[in-house]
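Undergrad: I need the structure of the sequence given here:
(2 chains)
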Amino acid sequence: MAAPRASTDNSAGAKREPRGIGWLLLTPLLGWLGLFVVLPTAILFVYSFCQRDELGQVVFSFTWSNYARIFDPIYLGIFGRSLWYAGLTTALCLAIGYPVAYFIGRSPPSRRSTLLLLVMIPFWISFLLRTYAWISLLKGEGLISSLLQAMRLLTGPLDILYTPTAVIIGLVYTYLPFMILPIFTSAEKLDNSMIEAALDLGATPVRAFTQVILPLTKPGIFAGVLLVFVPSIGMFAVTDLMGGARVPMIGNVIQNQFGQARDWPFGAALGITFLALFAITFWFLHDRGEVRR
Amino acid sequence: MKKRLSSLFAIGLALGAALDLSAAKKEVNLFGWSEYVPQDVLDKFEEETGIKVNYETYASNEEMLSKLLGGAAEFDLVQPSEYVVEALVKAGKLEEIDFANVPNIGNISPAYMHRPHDPEQKYSVPYMVGAISIVVNTERVKEPVTGFRDVFSGKYAGRIVSLNDNRELLTWALQTLGRDFNAITPENIAAARPLLEKWLPQVKAFDSDSPKTKLLNGDVDIGIVWPGEAAILYREDKKFACLLPVEGSHVTIDSLVIPKGAPHKAEAEAFISFILRPEISVLISRAFPYTNPNREACKLLTPEELANPASFPKGVETLPTFKAIGKAAAQVDKLITDLKSGS
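TA: Numbers count the residues shown, from 1 in each chain, chains lettered A, B, ... in the order given. Predicted structure coming up:
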């Protein structure tokens, strides 16, 4: 593919191995990774082959049954729905977030920080508080419902709280900034002369977008999609609060195993399967991305 | 010089030990349900005995078990429900309570003593009890509602809030079918399935944390909620009628127990004895209006408080209790997860 791209990474300097002091500087990071990523994952991996006793404690006797249970149609169905919800959330975030990110990235630097701040401000408030705010916005006797009824756009009360629609709204709202920020970073670095060149050479605006702007902001899109898709698939708080805990997602199933059901080994097996799937998908996408370059 | 140093060291050690002992005497670690032990009761206990209460909370029996069995913290008093008491007794995780230090145990109504989870009443003391209540907003629902069949008749679809508790959901179905709700057998699960299949889609929201909010806001008109929440709704507004389902109920006996190896056992027993006092127990009742098993404390309640149909429903003392179901919990979880996904 002949997509123009900035020649910033030169392969000569990219492959240098850390040495001496370099390793020393890396120690905190490696220690952190080992302690908080590798170790817990290893524990989960071991648990996933264990069993539970009457009290729900983990018993170290080997079994495949936790993994076998994942292939029960119940859990496969829930997994499928979680993929669908997360996919829809990602698509909506991209559709809403891309223009916003592009606009911010292309606006004069003086205004950029203000606009970015507006994207970030919701982060200063607790996630739970924001979710409860959405509940009072969306509920039957809430603000949006009353407004729509006053404008005579709606005859009865709005009935979307505790439905899948509410869940999607909640998910899109929660993860939208994770889409905007990486795309913004790509859009900000976009070289104006590239677009001008495309237009000068007779490209229509649509063609300039699809063949120049889009490929140049692809790293941002890729990062944004990953940052939205992965966490939204495992989300359980939004489904509980805004979905009324009516339709479970895979995150709720896992949470249940560590809570009510007290079946840690099964929860661990679900978690490990999840992790493996993401690793494979990421590796696949990343690999293809590399090849294309 | 050397000798002096070492004797100093010894004195230091002894001092340290003494300090440690006095510190050990002066506290008790209570691990209890959130919204269940009023702060003024803790303050009064500390004021009178000089024993500091470290109160940590949990939101479900299962969360409590994770922390208790994880062994990360040392607790002196825990507040499990009866079926968890049963499992803990069976697993040998509880200390026997020395009832010589709890002379006022007689204040507890015999109806809540010697139940199957602790037949000899050696390990537990009832704290508060209660039976899950159906709450009806009588301003919005004009027809009489008497039980689960009425709630889930189809007329109120989308106007119901229910506890988000898998075992409770299954229990309600089994009670409606006249089956033993403690028998989590394949036959019972198969029998309950079609009923729950009809019921669950009618629920607008499942909420175990604060279902009363949805009733107060008018989001829903009928709720199946914790007795304490129902009692508060009734106390706030008499339009909320509370009743036990005609199909049957069970009573939950939340109890105080002392985990094996608790470092402050005597202090824990002092605390149990303290809250068994009628004038203290009545404070708990006022703050959290569950059914008070303390007969002497009930005598101090006003007629109005005693008439609250969620706090003191008729016949609550003779209701059966949950038994520990152990690994069968996985079957219950699977059933409800499946039905919720299908809806």
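Undergrad: Now do the helices for the stretch 51-200 of chain B: every range, in order, please.
TA: Taking DSSP state H, counting those that start in this stretch, the helices of the stretch 51-200 of chain B run over residues B:61-70, B:82-90, B:148-151, B:166-176, B:186-199.
Undergrad: tell me what the single longest helix found in chain A is packed against?
TA: For chain A, the longest helix by residue count, based on DSSP state H, is helix A:73-106. Packed against helix A:73-106, as judged by 3 or more CB pairs under 8 Å, 6 or more residues apart in numbering or on different chains; DSSP states H and E, are the following elements: helix A:109-120, helix A:164-189, helix A:218-234, helix A:250-258, helix B:329-342. C-betas here are computed from N, CA, C, even on glycine.
Undergrad: can you list these in TSV and add mean pLDDT and distance to A:I272?
TA: Below are these laid out as TSV (pLDDT from 0 to 100; distance: least, CB to CB, whole Å):
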stretch	mean pLDDT	distance to A:I272
helix A:109-120	92	34
helix A:164-189	95	24
helix A:218-234	92	13
helix A:250-258	93	11
helix B:329-342	92	18
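Undergrad: Nearest approach to B:P126 belongs to which of the ones you listed?
TA: helix B:329-342 (23.9 Å; CB to CB).
Undergrad: wait, does the closest one contact chain A?
TA: Yes. Counting by CB under 8 Å from any CB of the partner chain, chain A has neighbours in helix B:329-342: B:329-330, B:332-334, B:337-338, B:340-341.
Undergrad: can you redo those as TSV with distance to B:W172 and neighbour count?
TA: Output for the residues of helix B:329-342 next to chain A, formatted as TSV (distance: CB to CB, whole Å; neighbours: other CB atoms under 10 Å in any protein chain shown):
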residue	distance to B:W172	neighbour count
B:A329	17	21
B:A330	20	19
B:V332	12	22
B:D333	16	22
B:K334	18	20
B:T337	17	21
B:D338	17	19
B:K340	15	22
B:S341	20	20
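Undergrad: A helix includes B:I224, no?
TA: No. Looking at B:I224 with DSSP: H, G, I helix; E, B strand; the rest coil, it is strand, so not inside a helix.
Undergrad: how close does it sit to chain A?
TA: Shown here: B:I224 relative to chain A, a distance of 14 Å by CB to the nearest CB, to the nearest Å.
Undergrad: Give me the neighbour count for that residue.
TA: Around B:I224 sit 23 other residues, with neighbours defined as other CB atoms under 10 Å in any protein chain shown.
Undergrad: For beta bridges, what are the partners of it?
TA: On the basis of DSSP bridges, B:I224 takes part in beta bridges with B:I134, B:S162.
Undergrad: Can you read off the pLDDT for it?
TA: Model confidence at B:I224, expressed as pLDDT, equals 98.
Undergrad: Over to A:G142?
TA: Model confidence at A:G142, given as pLDDT, is 86.
Undergrad: so who does it touch?
TA: Listed by CB atoms under 8 Å, 6 or more residues apart in numbering or on different chains, the contact set of A:G142 reads A:135-136, A:158, A:161.
Undergrad: please redo it, this time with the cut-off set to 7 Å
TA: For A:G142, the contacting residues are A:S136, taking CB atoms under 7 Å, 6 or more residues apart in numbering or on different chains as the criterion.
Undergrad: so A:R130 touches A:W124, yeah?
TA: No. With the criterion set as CB atoms under 7 Å, A:R130 and A:W124 do not qualify as a contacting pair; they are 10.1 Å apart.
Undergrad: more neighbours, these two?
TA: When A:R130 and A:W124 are compared for neighbours, A:R130 comes out ahead with 14 against 6, by other CB under 10 Å.
Undergrad: Now the host helix or strand of that one: average pLDDT?
TA: With elements taken from DSSP states H and E, the one containing A:R130 is helix A:127-138. Mean pLDDT, helix A:127-138: 92.
Undergrad: Next: stretch B:160-169.
TA: In this model, stretch B:160-169 carries a mean pLDDT of 96.
Undergrad: And the contacts of that stretch?
TA: Outside of stretch B:160-169, the residues that reach it under the criterion CB under 7 Å, 6+ apart are A:245, A:260, B:132, B:151, B:196, B:202-208, B:211, B:214-215, B:220, B:222-225, B:332-333, B:336.
Undergrad: Good, we can wrap up now.
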